[in-house]
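Undergrad: Show me the folded form of this:
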Amino acid sequence: MIYDIRNVTTYAYGRPVPFARCVLRMLPREGGGQQVLSSQITVSPRDAERQDGLCFFGNRTTTLTIARPHRELRIEMTARVAVERGAAPFPAITRRWEEVAQLALAAQSLGADSPAQQLYPSRLVPLVDEITAYASESFARGRPVFEAASALMARIRAGFSYDPEATEVSTPIREAFARRHGVCQDFAHIMIAGLRGLGLPAAYVSGYLRTIPPEGQPRLEGADATHAWVSLWCGPETGWIGLDPTNDLIVGDDHIVTAIGRDYADVSPLDGVLVGPGSQKLDVGVDVVPVA
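TA: This is a model prediction of the structure:
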């Protein structure tokens, strides 16, 4: 599949902001079944100072510095991305989950794609006993890791309600888990916490979903904004597999990856600081249109 992606993010401020510095993670990643054919970011005010780079996890970053008063910050990202991922392995033939946990704990590499980076609690994904116990119900002794994780994903999809009004970015996962309501960020964090609680490496992935579903298929939850899902390490032979608990889907050609990290704090599309009084209003518009 080839997709045209457009993300327009606008911050409108109640009073002029004299200074702002922020980091963007909006440009799609290369690799993992993705090829970025073109991409660009346009910023207003146009005289913003910018610096492009890569973070530790290989995510594309754009650092903006705006050193003059402004009432609005508008960021437009456009990209064309080709996606062609291989089929996931048959779940029942993957390694036993206990064996995967042992192999991850023994990993020698500390590189960005090492399972060691995704084993331990992170800022937004602490280990929560209740969530670990919930996840363990899908991980019977000796069960293949991909089969068990798929079962956990299906339980989250069936037992939690997608509700944009239920939580905020700052809502702790313990609270989102208790409510059984939330959005893709909450469901990804909950699934990651459960997997890590069992000793399995799980990463947080942000990106986009195709806006227009194939004919005859339902529209996916989260297609109108940036989306989030989980990447699970299933052993050295299988590697990382994406699972989307919001939609109970194995990640395939409908998902476009922007950033990978330990949790949302590592992959936030925009974060930073501004100096100034007054309120702000955020508006985000996303379109992901298949062109071939």
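Undergrad: which SSE is Val273 in?
TA: Val273 is part of strand 270-275 when elements are defined by DSSP states H and E.
Undergrad: what mean pLDDT would you report for that strand?
TA: Along strand 270-275, the predicted local confidence has a mean pLDDT of 85.
Undergrad: how far is it from where the chain is centred?
TA: 20 Å (C-alpha atoms, centre = their mean, to the nearest Å).
Undergrad: Could you do stretch 170-190 as well?
TA: Computed by C-alpha atoms, centre = their mean, the chain-centroid distance of stretch 170-190 equals 14 Å.
Undergrad: Other residues contacting that stretch?
TA: Residues external to stretch 170-190 that are found in contact with it (C-beta atoms under 8 Å, 6 or more residues apart in numbering): 124-126, 128, 130-131, 134, 156, 159-164, 166-167, 169, 193, 204-205, 221-222, 227-230, 244-246, 263-264. C-beta here means a position set from N, CA and C on the backbone, and glycine is covered the same way.
Undergrad: Per the annotation, how does this protein divide into domains?
TA: With automatic domain parsing serving as the domain definition, the record reports that the chain contains domains spanning 2-83+268-290, 91-267.
Undergrad: Would you map the helices across the stretch 51-200 of the chain?
TA: Secondary structure of the stretch 51-200 of the chain (DSSP state H, counting those that start in this stretch): helices located at 97-105, 129-136, 145-159, 173-179, 184-197.
Undergrad: Out of those, flag the one nearest Val23.
TA: Using C-beta to C-beta as the criterion, the shortest distance between Val23 and those is 18.1 Å, found for helix 184-197.
Undergrad: Let me know the next secondary structure element after that closest one.
TA: The C-terminal neighbour of helix 184-197 among helices and strands, as given by DSSP H and E, is strand 202-209.
Undergrad: partner strands of that next one, parallel or antiparallel?
TA: Taking DSSP bridges as the criterion, strand 202-209 pairs within the sheet with strand 227-233 (antiparallel), strand 255-261 (antiparallel).
Undergrad: where's the nearest residue to Ile250 once chain neighbours are set aside relative to Ser150, distance?
TA: Take Ile250 and drop its neighbours on the chain: the residue closest to it by C-beta to C-beta, 6 or more residues apart in numbering is Ala88, 4.9 Å away. From Ala88 over to Ser150 the distance is 9 Å, taken as C-beta to C-beta, to the nearest Å.
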